[in-house]
Structure formats: structure tokens, C-alpha cells
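Asks: can't give you the sequence, but here's the structure:
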């Protein structure tokens, strides 16, 4: 099952993912014309900042999704083909029970309709063999896309390397972003 | 690596680099893509430490920077700074030339007056008395007038502005408060007003951008061209070869890259003097080739082959046949030093403010120009010795091209048709539609666009519609490489009306064949030549520049210099086509002013279009509109 993995320590808070998401969900799919569309296209991913962390938060496409359970109209559903949670725009009554139960705060409001809006894992891109727009736009690989097993394997190998080289200070981190945080630069 | 396909010669070297696992510009572009949307819209502000700030173009996030600046302020501030970067480059170039000539007059630098007619023309244009005066005195006064344009504090308008600006436009600029007095003050004030907490009025900032354009046009471009012509001669039409196939594996190949002929002319001179040394090292001779603008300067005056434009500069080194790439200022990508490490190519920097890690620095000063030029050529010969017998990969592509279309050269051909009124044949043919209009192509070879062959496609569509094309800079390289500067191109691409005119002109020039349909008018500072031509036409017809059936295009622009020149053309009242989109679309005010309102102020209009057909048709529609308004 393919998922967007978030490496929060790499997020610089640049919000390129937000722009790319909005452009992807515009009519023209081109930045220079999307900005003139009415209604303006909306992002479905949100870069939140707390203390010294930037976090690009969005729908996690849970397999046992609370939003699906909570939806009184079965508008929230599981798309077997692309293994994602989708909102059926026509069934949604805009009650936002989904927003209330979502632990990640992934639901926002589609304007002007007023129904639920959330990440759709860029279904149209996935069908063409492309990766989600936010992942493509991320300049630091804070967002990566792939099979869960592969993404976890990559993480395991990374950790194993750290342990193997017994470089404890690597775990503390000496990336420029970490240094900036340590110096209170956020 | 990116799947872009460029022209064959370029592509063959990209493949070669790929085989050597070396990244080139399009790979680096791929890594950078997609690029920051805030940057592209112009709504990223890095001016102060309360930021960096960005404006959400979709209105959900921040709509103001921390200081309260909105998108309009941020975008127009950024645009002005871009134009400043360009103006500073050209004005700096002109200043270097002024100081070189000053030293030459003191007998301290080995340069001389080559074109006495140009000297007199410039002197009289500046109001300098010439009767019975020695040339050196006249030149000295010209240089003093040039220096006034970067020093005066009395607020009176620049000498070069009064000299070279078209009359009606000068008067309009006076009314609009756009007369520039001191180029350096202008640049200083532009940097000042865009610093945090200064100018926040987007229209005020846009007007300042027009002023910087005017600064660039007169204290940069016109001044440099005029002084170059006096020092090195005014270009005349000549036949040359273009594209990377001009390298010769059996010769010492020296590629001149950058902008200032003060350097490249000296290298050419010493390449001539040291031919025997090269032959002693086993070479056939010394083959000086040109890259970018300094390549244009050398080709226009000395038939030096046009080897490569900006995007191809690093690829040229991948041939393995470049013994030295000698550079001065502007448009020199740091990548060339890294690529050179893979071959025996010596990258030589010559300006104290343009250094590249990995390059060899030989400071080039006017006083010791001969010594340094000799040393640099010697370095190239040494590099050749090490290269001899090694495999090289020189693409076979080579195009013939006719270049050297200075205004003087054009007029000398026209005078053969009508000695007393040389512009009459041009105007007659504009009126009868044989020359439907004209388009000036300037600018750079942007890797984002190069694979669309935007320049070539636009030119061909325009030619088919009898629009004459003049070009400078790297677009001139592109056109030359595409074979568009030949009589054959006229036969193949020009509409019947234009073809007929070019045939007559070609016969008058004694070519025995039509003139090419695309006229190479020089380096980027030689956009001033295009301006002189427009001025001559406009003043003859007693119309404004904005009334002429012409347009400008920078179809693949890269540099801040292009932004500055574009601003100048907008202040002159021209339609300026640009691709890729300028970084103004994040500001509704800037977008509206540049694409709509400005037309009612100076006549200028920005036309953003990334599709070559649509761009060409847009230019043709504009020309049609102008023709109708003129009643032709």
C-alpha cells in the first residue's frame, strides 16, 4: 500500500507542498493561471508550526478510518483501487462529523459548496504513474512516497547505519535545520 | 536525467556528458524542479530579517509580510531589484570601457581609436566641438561626458540620454519625471528605496523600474556600443560560421566568453601574434571562437566563429577540444570550472569581481593588457600540448551566417538604392506591406524553454508573415546555428514580400543573393543599435516609437539584464513579448499596469506567452493594429 511518509525533521516550512497541492487541484493545473481562477483552488495539506517543528499535516488515509465510521451518509469511503479514503462530494451533507473524529485534523471545508475537503492522494496523478504533487514539490524530501514496507525499510537501514557507526551525535543531528533550531532561529 | 531534446549539436554533447555521468544544466534544472511557486510569482520577500516572508497566492494564508507589505509592494520591490542587477552590469561594463580608454589616452594602455567617423558622430551628438581638434582631445571630452553621467549631482539629464534618446520619447519622459541624471545615483536610490521600510507604493516602484530601464539603455547599452565602435570599429556585414563544430581539433582552441571586447580583442590580437608559437607546439594555428556576447562582439568585427551560446558554454568544454575558456564578466556559469576539471581545459577568469573556484585567475588590467593577453594565450598553447593526440568529440554541426548588421552597415546598403534618402526604400516597403513589420529578438537561451525551440519557431512564423527580424545576444547565436542568417533561409522562410525586399537589398550589397531574413545586430549592449534604427524610422516618419509596426521579444530570457532592457523597451513604448513569465503575476497591480495600463502611459506593453505560435501571432496582431492606426 503506497503512502506519503513525513520526515518532519526535514521540513523547512517552505509550504511548496501547499502551493503544489492547490495548483494540482485547480482547473488549469498551471500556477500562473490557477491564481486567477474563481473559486480559487484549495490546498489539502497544511504546514503547521509548533515550537521548533514544522509539520506538513494531511489526511493519512487510514485503513480503519474514524471518518468513515462517523459519516452518517457513507460519503467517506475506502477506494480499493488506489487504497485511499475519499469524499463523495455528492453524498456529503457537510455535517463535519469526519472533522470532529479525525485525529489529524485533516478535514477542511470546500468552498463555496461547504462540504468536506481533504487530501485525495492525487488519484489522477497516481493513475498516470506519477507521485502526489506535494511529494514532487518538496525540496528536502520531508515528504516521500512509496510502499509502506519500502519506506520503513529505508528508515530501518538509516537507523542501523547510525548504530553501526556508533555515531551518537548523528542521532542528535547536525543538519543545518537542526543547527538553526538550536540557535533559536525559528 | 531529464528527457528534453535540444538541437542535435547540443544534444550530442549532453549525451556525452551523460555518458561521463556529469550533470549539465538541464539535469540541474530537473533537480530544482518544481521550483518554488512563491519565487515564480514574485511574492517571496527576503529583504529583511523579520522575514523571509511569502504571500499565499490563493488567499488562505498570509496576505502581508511582517512589515505589512502586501503582494503588490513585495512584487514590485523585487522587480526593481532585478532591473538594478541588470543596469549595474551594463553601466559597470560601460565604465570599464571608459576607464580603459582614459588610460589609453594617457599612453598607459595599448588601445586606440579605430573608427574616426564614429568618434565624430558621437562627439557631435554630445555637442562637442570637433573642428581642428586632435582626435585624442575629442575622445577625452567624450569620456568626460560619459563620466559626468555617473557623477553629476546637479540633477540635469544624462549626456547620453540627451544624445541618444528619440526626441518624442525624451519629451514624454520629461513629462513623466523619468529623465535620469546620474546612473550611479539611480542605482543607489533603487537599492535604497527597496530596502525595508522605504517605498511601498507599487506604481511608484514600477516607475522607478522604468527609470532603471532608461539608466540601463543610455548609460549602459548606448554608451558601451558607442565606445566599443570607436575603439574597435563599427561592424560591417561579413560571412562567418556558427555552432560548436567550429572547433578545430588540430588547433589551439581558445573560447572567449563574457562581455567586454576590451579583453577579447586583445586575446584575438595575441592569438594572431603567437601563431608561430602554436605551430611550434604542433598546432595548425590558434582558433579563437566566441561564446555569448563577447563572441558576438568578435564576430561582428572580425569574423570570429560563433561557437556557443550561454547554455552551450559548459557543453563546449565537453568536446575536450577547448584548450582555454577565457572569461570576464556576466553570464559565466560556475559549472564551467567543474566541467573543465574533467578535461585539460583551462578556465581563466580575468576580473577581480568574477572569480570561480577551480579556475585560474589572471587579472586583466588595461595597463598590462598585452602582457596578460600574451600569458593567457601561452597558457592555452600549453594546454594544447597536453591535449595533443587525445580523443575529442566535436559535433559536426556548423552553420554559415551573415552577421555585422550595424545601423551604419544597413544604411550603407540602403544608400546604394537611394543615396540621398536611404530610409525611403525601407519606409516605402513598410507602407506597401512587403515589410509587414519588424521584430527585435533579444535575450538568452533558457534551459526551461530551449527544448521547445521557441526562438526558431517564432522567427519562422514571423518571417512567413513578412516580418523582418533583427536580433542580438544569445538569440542571435540560436538563429545563426539554426541557419536563419543565410540567403537560403530567405528563400525558405520569408514571405513573398519580405523575400522581394531582401533580394533587392542583397543585390545592392553586392552579395549576388538575398540578404538573410534575420539580421545579427550584435551583442546585448548592441540592442542600442536596434534602438537607433527605431529612432531613425520614427523620426523620419515623425511618429512615436510606440506607433511603429514593430515589437520586441525576449522569448527565452534568463538574466536580470533582460529585465532591465525589457523595462527600457517598455519605457520607449514597445510591445515586449516575454517568456518565461516575469515574476510579477503574484501582484494584481503590477500585472495590470505592465500588461494594460502602461500602454496608455508610455505605449509600452508586456506580452507574456510561452507558446511559440501564439507568441508570434500575438506580435503579428500587434503589428497589424499599429499599421491600421498609421493608415497603412
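Replies: Looks like it came in fine. Owing to the predicted nature of the structure, the values given are computational and were not obtained by experimental measurement.

Asks: who's in contact with residue A:143?
Replies: With contacts defined as C-beta atoms under 8 Å, 6 or more residues apart in numbering or on different chains, the neighbours of residue A:143 are A:4, A:5, A:6, A:7, A:17, A:56, A:132, A:134, A:135. Just so you know, the C-beta spots here come from the backbone N, C-alpha and C atoms, and that holds for glycine as well.

Asks: hmm, 10 Å instead?
Replies: A:4-7, A:10-11, A:16-17, A:20, A:45, A:56, A:58, A:131-132, A:134-137 (C-beta atoms under 10 Å, 6 or more residues apart in numbering or on different chains).

Asks: ok, now residue B:218?
Replies: Applying C-beta under 10 Å, 6+ apart, the residues contacting residue B:218 are B:90-91, B:94, B:149, B:157-165, B:180, B:183, B:528, B:531, B:568.

Asks: cutoff 7 Å now
Replies: Shown here is residue B:218, whose contacts under the criterion C-beta atoms under 7 Å, 6 or more residues apart in numbering or on different chains are B:158, B:160, B:161, B:164, B:165.

Asks: Residue B:59 too?
Replies: residue A:40.

Asks: The spatially closest residue to residue B:511 that is not a sequence neighbour: neighbour count?
Replies: If you skip the residues right next to it in sequence, residue B:511 has residue B:487 as its closest partner in space, 7.1 Å away by C-beta to C-beta, 6 or more residues apart in numbering or on different chains. When neighbours are defined as other C-beta atoms under 10 Å in any protein chain shown, residue B:487 has 19 of them.

Asks: Residue B:487 and residue B:296, how far apart?
Replies: Using C-beta to C-beta, to the nearest Å, one gets 21 Å for the distance from residue B:487 to residue B:296.

Asks: Return the distance of residue A:128 relative to chain B.
Replies: Distance from residue A:128 to chain B, counting by C-beta to the nearest C-beta, to the nearest Å: 15 Å.

Asks: contacting residues for that residue?
Replies: Counting by C-beta under 7 Å, 6+ apart, residue A:128 has no contacts.

Asks: and if you look at residue B:310?
Replies: Taking C-beta under 7 Å, 6+ apart as the test, what residue B:310 contacts is B:292, B:331, B:444, B:445, B:474.

Asks: Which members of those residues are the farthest-apart pair?
Replies: When C-beta to C-beta is used, the two most widely separated members of these are B:331 and B:445, lying 10.4 Å apart.

Asks: So if I had to pick from those two, which one is more boxed in?
Replies: When neighbours are counted by other C-beta under 10 Å, residue B:445 comes out ahead of the other of residue B:331 and residue B:445, with 27 against 23.

Asks: Now residue B:516. Nearest residue, chain neighbours left out?
Replies: residue B:485 (4.4 Å).

Asks: Distance from the chain centre to whatever helix or strand residue B:416 lives in, please.
Replies: Element membership of residue B:416, judged by DSSP states H and E, is helix B:407-417. Here the centre of mass of C-alpha atoms in helix B:407-417, compared against the chain's by C-alpha atoms, centre = their mean, to the nearest Å, lies 23 Å away.

Asks: Can you mark which positions in it are buried?
Replies: Within helix B:407-417, the residues that qualify as buried are B:407, B:408, B:409, B:410, B:413, B:414, B:417, counting by 16 or more other C-beta atoms under 10 Å in any protein chain shown.

Asks: Any buried residues in the helix or strand just after that helix, and which?
Replies: The first helix or strand that comes after helix B:407-417 along the chain, using DSSP H and E, is helix B:423-431. Within helix B:423-431, the residues that qualify as buried are B:423, B:425, B:426, B:429, B:430, counting by 16+ other C-beta under 10 Å.

Asks: With distance to chain A as added columns, please give these in CSV.
Replies: Formatted as CSV, the buried residues of helix B:423-431 follow (distance: C-beta to the nearest C-beta, whole Å):
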residue, distance to chain A
B:423, 41
B:425, 43
B:426, 38
B:429, 39
B:430, 35
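
Asks: Mind putting these into JSON lines with distance to residue B:189?
Replies: Rendered in JSON lines, the data for these read as follows (distance: C-beta to C-beta, whole Å):
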{"residue": "B:423", "distance to residue B:189": "39"}
{"residue": "B:425", "distance to residue B:189": "45"}
{"residue": "B:426", "distance to residue B:189": "40"}
{"residue": "B:429", "distance to residue B:189": "44"}
{"residue": "B:430", "distance to residue B:189": "40"}
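
Asks: okay if I get these as TSV plus distance to residue A:145 and pLDDT?
Replies: Shown next, in TSV, are the buried residues of helix B:423-431 (distance: C-beta to C-beta, whole Å; pLDDT from 0 to 100):
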residue	distance to residue A:145	pLDDT
B:423	63	97
B:425	65	96
B:426	60	96
B:429	60	97
B:430	58	97
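
Asks: Now do the contacts for residue B:245.
Replies: So residue B:245 contacts B:9, B:394, B:395, B:396, B:397, B:398 (C-beta under 7 Å, 6+ apart).

Asks: Can you flag the buried ones in the residues you listed?
Replies: When the contacts of residue B:245 are checked for burial by 16+ other C-beta under 10 Å, the buried set is B:9, B:394, B:395, B:397, B:398.

Asks: give the contact list for the residue of the stretch 351-500 of chain B found nearest chain A.
Replies: Taking C-beta to the nearest C-beta, chain A has its nearest neighbour within the stretch 351-500 of chain B at residue B:448, 13.2 Å off. Listed by C-beta under 7 Å, 6+ apart, the contact partners of residue B:448 are B:29, B:580.

Asks: Can you name the residue of chain A that approaches chain B most closely?
Replies: Checking chain A residue by residue against chain B with C-beta to the nearest C-beta singles out residue A:19 as nearest, at 3.7 Å.

Asks: which element is that residue on?
Replies: Per DSSP H and E, residue A:19 falls inside helix A:16-24.

Asks: repeat for residue B:340
Replies: Taking DSSP H and E as the criterion, the element that holds residue B:340 is helix B:335-341.

Asks: before we move on, what about residue B:501?
Replies: Assignment of secondary structure by DSSP H and E places residue B:501 within helix B:496-508.

Asks: can I get the contacts of residue B:218 in TSV with neighbour count and pLDDT?
Replies: Output for the contacts of residue B:218, formatted as TSV (neighbours: other C-beta atoms under 10 Å in any protein chain shown; pLDDT from 0 to 100):
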residue	neighbour count	pLDDT
B:158	27	98
B:160	28	98
B:161	23	98
B:164	23	98
B:165	26	98
